[in-house]
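> Provided below for reference: sequence and predicted model.
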Amino acid sequence: MIPFAFLKTNARWLLGGSLLMFWSSFGQTFFIGLFAGDIRAEFNLSHGDFGLIYMAGTIASAATMIWIGSVVDRHPPARVATLVIIGLAVTCFLMSVARSAVVLLLVIYGLRLFGQGLMTQVSMTSIGRWFSANRGRAVAISTLGFDAGVALLPAVVVLLSALIGWRQTWALGAIVLLVVAMPALRILFSVERTPAAIQGEIDAAIRPAVADWTRRQVLRDPAFWLINLG
């Protein structure tokens, strides 16, 4: 059982991490797949054509993440989250007005990069930075945001698509990201959490030094590749 005191003391950071995971849904496969039929019909694509575009966008976004994912290590989470939300909102709007397969490819790339990639990256990296003794518990709570998205958003999307259309649903998503998600996360992440300052955490002054590897050192370590095979 999760102690109520832990939730109360760390509510802003846990809620922020959960919301990031929730809003990452816009770039997740389960969410984009809800529009697959409409997209194929609109762009006159076969299942294979759309699958190829989706694969290309996903691979390109994964390759990009290798180079820009480290931005979370160098800048405050509030600033990075704001930029990621703006990028995701712009991409959602582009989906609502896209008229060609080329633009669709760019949209899929943006959705996967800003939603599935960076939004999740900001959440997990921030939680990992802010918590030490209770890191596993904090990560578990934050991932509930993704579960909430999987549970709630499909029904919402189906309803909105029927009422206002699938393109307008994406446009509405862009508005919600800018008007609701961005201000909420800026407020929640406006205060940095220092693990050593919270009771029950390990004092940072007595923790053993941890080696801070470069990307090249990580890529040269055989253990990295063995872990990724799993």
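Looks like it arrived, so ask away. Numbers count the residues shown, from 1 in each chain.
> Check which helices and strands whichever strand or helix holds Ile141 sits against.
According to DSSP states H and E, Ile141 maps onto helix 135-164. When contacts are defined as 3 or more Cβ pairs under 8 Å, 6 or more residues apart in numbering; DSSP states H and E, helix 135-164 packs onto helix 11-23, helix 29-32, helix 120-130, helix 166-176. C-beta: built from backbone N, CA, C; applies to glycine.
> any weak-confidence spans in the protein?
The model of the chain has pLDDT under 70 over residues 1-2, 195-215, 224, 228-230.
> got a list of what the spatially most central residue of it touches?
Taking Cα atoms, centre = their mean, the centroid of the chain lies closest to Met119, which sits 2.2 Å from it. Met119 is in contact with 20-21, 23-24, 27, 81, 84-85, 88, counting by Cβ atoms under 8 Å, 6 or more residues apart in numbering.
> follow-up on the earlier one: taking their axis directions, the helix holding Ile141 and helix 11-23 sit at what angle?
50 degrees (axes from the mean of the first three to the mean of the last three Cα atoms, to 10 degrees).
> Next, the buried residues of helix 135-164.
Under the neighbour-count criterion of 16 or more other Cβ atoms under 10 Å, helix 135-164 has 137-139, 141-143, 145-146, 149, 153, 157, 160-161 buried.
> List just the nearest of these to Ile175.
Leu160 (12.2 Å; Cβ to Cβ).
> That closest one contacts Trp170, doesn't it?
No - Leu160 lies out of contact with Trp170 (Cβ atoms under 8 Å); the separation is 9.7 Å.
> quick one on the thing from earlier: only the buried subset of the contacts of Met119, as a PyMOL command please.
Listed next is the PyMOL selection for buried residues among the contacts of Met119, using 16+ other Cβ under 10 Å:
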select buried, resi 20+21+23+24+27+81+84+85+88
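> Now distance to Tyr109 too, for the contacts of Met119, in a markdown table please.
Listed next are those as a markdown table, based on distance: Cβ to Cβ, whole Å:
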| residue | distance to Tyr109 |
| --- | --- |
| Leu20 | 20 |
| Met21 | 21 |
| Trp23 | 18 |
| Ser24 | 15 |
| Gly27 | 10 |
| Ala81 | 20 |
| Val84 | 14 |
| Ile85 | 17 |
| Leu88 | 12 |
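> For the contacts of Met119, work out which two are farthest apart.
Gly27 and Ala81 (14.3 Å).
> So what does Glu192 look like in phi/psi?
When read as degrees, to the nearest 10, the backbone of Glu192 gives phi -80, psi 140.
> Would you agree it is in contact with Arg79?
No - at 11.5 Å, Glu192 does not count as touching Arg79 under the criterion of Cβ under 8 Å.
> related to what we said a few turns ago, for Thr82, see how far away the residue nearest to the centre of the chain is.
Using Cβ to Cβ, to the nearest Å, one gets 12 Å for the distance from Met119 to Thr82.
> same question, Gly57
24 Å.
> These two: which has the busier surroundings?
Each of Gly57 and Thr82 has its neighbours counted (other Cβ atoms under 10 Å); Gly57 has more, 21 against 17.
> was I right about the more buried one contacting Ile108?
Yes - counting by Cβ under 8 Å, Ile108 is a contact partner of Gly57 at 3.2 Å.
> Dihedrals phi and psi, Val191?
According to degrees, to the nearest 10, Val191 has phi -110, psi 120.
> tell me the contacts of it?
Arg12.
> just how off-centre is stretch 142-154 within its chain?
In terms of Cα atoms, centre = their mean, to the nearest Å, the centre of stretch 142-154 is found 12 Å from the chain centre.
> got it, and stretch 89-101?
Relative to where its chain is centred, stretch 89-101 has its mean C-alpha point 19 Å off (Cα atoms, centre = their mean).
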